[in-house]
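*Asks:* What would the 3D arrangement of this be:
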Amino acid sequence: MPFQNKVKKSPLIPSPHATKRTLGLNSTKNASASFQSVHGLGVACALAAGVWLGGAEAPTKLVNSGLSPYAISLCMVAGVFTARWTVPTLLKGTRYVFADLAQNRHLVLNAILAGMLWAVANTLTVFAIRDVGLTIAFPLWNTNSLVGILWGWLLFGELKGASGKNVAKVVLGALAIVGAAIMLGFSTIQGGGPHASHAVGGILAAAGASLLWGTMYIPYRKAYISGMNPLSFVTVFTIGELVTCLALVLALDGGTKAALFHSAQTKHLIFWLFLGGFVWVIGDLFQQFATKYLGIGRAIPLSNTNQLWGLAWGALVFGELAHADWTHRLLVVVGSLAMILGALAVSTAIATERENASTNQALLRECNRYGLDYDRVLQAYSGSGVGDGRDSSDRRSWWDYAIVAAAVGVFVYFGVNAKVPELGLDFSWLAVLVVALAASALLAGWGLWKATRFS
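*Replies:* Just a heads-up that it's a prediction; the model follows:
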């Protein structure tokens with residue numbers, strides 16, 4: 001999408017008081033139009049993220065096979081690390097990625113910090129799944145949408161200047177999410193299921209994951225209002241993930257003597273956790289683009305429809321509700337629907353011109369702080385990416401193919417040794433959900449490519 005009526009080059013804005021004089025009313029209106037034009041694309045990415053993030057947690061059911069939560073998290077993050085270097089290489093090439101990182105050196109540390117937060121949160125989710133089950137754990141940690149809404153409002157001006165209707169949607173949607181989480185929490189404690197004796201610990205683990213995952217979006221948003229590409233951000237992000245998960249295993253799971261490093265019995269499980277990490281990356285990439293185009297307060301609730309997909313995997317594929325009574329099932333279903341409706345209410349609060357002006361002020365603040373070119377940053381943020389200084393680097397090199405070949409080799413190596421876990425699976429529903437994964441990725445990926453070339 002070409003950007004029209006660009007302002008005169010003004011890389012540095014002298015002061016906040018000079019903002020309106022420097023940019024002018026027309027530029028603010030053009031910025032608002034750019035933000036609104038990618039709203040539909042952001043919604044599509046968030047919905048696709050929900051499908052993939054919901055499917056990514058299914059392999060963590062392997063906690064029932066004896067692996068510790070720390071080991072499961074490390075194996076998943078190893079798959080994440082492999083994917084987060086492979087997918088950007090396939091889509092844009094390493095020349096582009098490193099050119100983007102060079103333009104945004106000040107954000108590298110933020111990306112590593114975000115990866116560390118993700119790693120700890122992901123480990124907590126494994127504990128939650130072990131203690132309360134996938135069907136219950138998902139909606140509990142999806143209250144991260146409330147945390148994200150708060151940070152978006154405080155730090156990035158989201159919802160400032162919003163219409164009364166939009167504010168009402170956000171408030172009522174947030175209340176629905178909290179109410180659903182409380183309902184699901186009490187249904188777990190009183191349900192008398194196989195996880196009941198560990199329910200409190202599982203709920204606390206899910207709550208901790210919610211807090212960390214909501215806070216993790218601060219570095220995301222900061223990166224994207226500075227013009228950084230999500231593909232570049234996640235390449236550095238994964239370093240923080242891998243280092244943190246390895247440190248957790250070494251510190252809390254037996255160190256170098258941990259069973260993960262020595263037990264031959266766990267070798268056949270690693271492939272499935274690698275696969276889970278890879279699936280998570282696809283979902284997270286869509287979520288990154290959604291955060292870029294919608295903001296924190298809207299992207300998180302909409303991508304939290306992954307709760308619906310987590311419910312589908314837990315109940316339909318793994319049969320988690322097979323032995324639950326009808327009261328328990330009704331509480332789970334009603335709570336899940338209430339959370340989804342609340343998230344949708346928040347996400348359908350489409351930003352008005354006044355709210356977009358507030359977002360533009362946040363963008364200007366980043367340009368002021370780091371000496372960035374406002375034109376380039378606005379184009380990158382709105383998805384056009386024209387003239388961003390990295391187009392000449394968007395080509396493949398021989399080492400790009402070597403990276404992809406190495407990643408395929410890792411999956412083949414673990415796949416040869418893989419065995420289907422001894423868990424009760426419904427393969428018919430498994431096939432249906434796999435088709436849903438593929439269809440959502442193709443549709444959202446095609447939309448991103450057509451509109452932005454993954455910019």
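*Asks:* list the contacts for the nearest residue to Glu158 once chain neighbours are set aside?
*Replies:* Spatial nearest neighbour of Glu158, chain neighbours left out: Gly152 (3.7 Å); criterion: Cβ to Cβ, 6 or more residues apart in numbering. Yep, even glycine has a C-beta here, placed from its N, CA and C like the rest. Listed by Cβ atoms under 8 Å, 6 or more residues apart in numbering, the contact set of Gly152 reads Glu158, Leu159, Tyr217, Arg221, Gly295, Ile296, Gly297.
*Asks:* go on, Gly276?
*Replies:* Ala56, Glu57, Ala58, Pro59, Thr60, Met76, Gly79 are the contacts of Gly276 under Cβ under 8 Å, 6+ apart.
*Asks:* tally of neighbours for the closest residue to the third one other than its chain neighbours?
*Replies:* Residue nearest to Ala58 in three dimensions, not counting chain neighbours: Trp313, with 4.6 Å by Cβ to Cβ, 6+ apart. Neighbouring residues of Trp313 were enumerated by other Cβ atoms under 10 Å; the total is 24.
*Asks:* Ok, Tyr293 next?
*Replies:* Other residues close to Tyr293 by other Cβ under 10 Å number 27.
*Asks:* Could you do Tyr96 as well?
*Replies:* Look at Tyr96: counted by other Cβ under 10 Å, it has 24 neighbours.
*Asks:* what's the answer for Met183, then?
*Replies:* For Met183, using other Cβ under 10 Å, the count is 18.
*Asks:* and if you look at Ala357?
*Replies:* 19.
*Asks:* and it, what element?
*Replies:* Taking DSSP states H and E as the criterion, Ala357 maps to helix 353-370.
*Asks:* Identify each buried residue in that helix, please.
*Replies:* By 16 or more other Cβ atoms under 10 Å, the buried positions in helix 353-370 come out as 355-368.
*Asks:* Pick the one among those closest to Lys267.
*Replies:* Here the nearest of the buried residues of helix 353-370 to Lys267, counting by Cβ to Cβ, is Glu366; it sits at 46.6 Å.
*Asks:* who's in contact with that closest one?
*Replies:* So Glu366 contacts Lys222, Ile225, Ser226, Leu372, Val377 (Cβ under 8 Å, 6+ apart).
*Asks:* From Pro230, how far out is the fourth one?
*Replies:* So that's Leu372. Distance of Leu372 to Pro230, given as Cβ to Cβ, to the nearest Å: 17 Å.
*Asks:* swap in Ala71?
*Replies:* 29 Å.
*Asks:* After the worst-scoring helix or strand of the chain on mean pLDDT, heading C-terminal, what element do we hit next?
*Replies:* Lowest by mean pLDDT, DSSP states H and E among the helices and strands of the chain is helix 19-37, with a mean of 49. The first helix or strand that comes after helix 19-37 along the chain, using DSSP H and E, is helix 39-56.
*Asks:* who are the neighbours of that next one, in terms of helices and strands?
*Replies:* helix 270-294, helix 296-303, helix 306-312, helix 427-452 (3 or more Cβ pairs under 8 Å, 6 or more residues apart in numbering; DSSP states H and E).
*Asks:* Now tell me what touches the second one from outside.
*Replies:* Contact with helix 296-303 is made by 42-43, 46-47, 49-50, 53, 144-145, 148-149, 151-153, 156, 158-159, 170, 173, 177, 214, 217-218, 220-221, 283, 286-287, 290-291, 293-294, 342-344, 346-347, 349, 351, as judged by Cβ under 8 Å, 6+ apart.
*Asks:* send the alpha carbons of that helix over as CSV?
*Replies:* The C-alpha trace of helix 296-303 is given here as CSV (Å, rounded to 0.1, in the frame of the first residue of the first chain):
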residue,chain,number,x,y,z
ILE,A,296,-1.8,-4.7,22.5
GLY,A,297,-5.3,-4.1,23.8
ARG,A,298,-7.0,-5.6,20.7
ALA,A,299,-4.5,-8.2,19.4
ILE,A,300,-4.2,-10.2,22.7
PRO,A,301,-8.0,-10.7,23.3
LEU,A,302,-8.6,-11.7,19.7
SER,A,303,-5.6,-14.1,19.5
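*Asks:* mean confidence for stretch 275-284?
*Replies:* Mean pLDDT, stretch 275-284: 87.
*Asks:* ah, wrong one, I meant stretch 378-392
*Replies:* Computed over stretch 378-392, the average pLDDT equals 60.
*Asks:* Likewise for stretch 89-105?
*Replies:* Here the average pLDDT along stretch 89-105 is 87.
*Asks:* For the closest residue to Val377 other than its chain neighbours, report the pLDDT, please.
*Replies:* Using Cβ to Cβ, 6+ apart and skipping the chain neighbours, the partner closest in space to Val377 is Gly227 (3.8 Å). If you check Gly227, the pLDDT there is 83.
*Asks:* ok, and the most crowded of the contacts of Gly276?
*Replies:* That'd be Met76 among the contacts of Gly276, by other Cβ under 10 Å, with 32 neighbours.
*Asks:* just to revisit the earlier point, would you turn the helices and strands packed on helix 39-56 into CSV with distance to Ala324?
*Replies:* Listed next are the helices and strands packed on helix 39-56 as CSV, based on distance: least, Cβ to Cβ, whole Å:
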stretch, distance to Ala324
helix 270-294, 25
helix 296-303, 27
helix 306-312, 13
helix 427-452, 17
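*Asks:* tell me the most buried of these?
*Replies:* Among those, ranked by average contacts under mean count of other Cβ atoms under 10 Å, first place goes to helix 296-303 (a mean of 30).
*Asks:* Enumerate every residue touching the closest residue to Gly115 other than its chain neighbours.
*Replies:* Closest residue to Gly115 apart from its sequence neighbours, by Cβ to Cβ, 6+ apart: Gly240 at 2.7 Å. By Cβ under 8 Å, 6+ apart, Gly240 lies in contact with Ala111, Ile112, Leu113, Ala114, Gly115, Met116, Leu117, Trp118, Ala119.
*Asks:* Many thanks, we can stop here.
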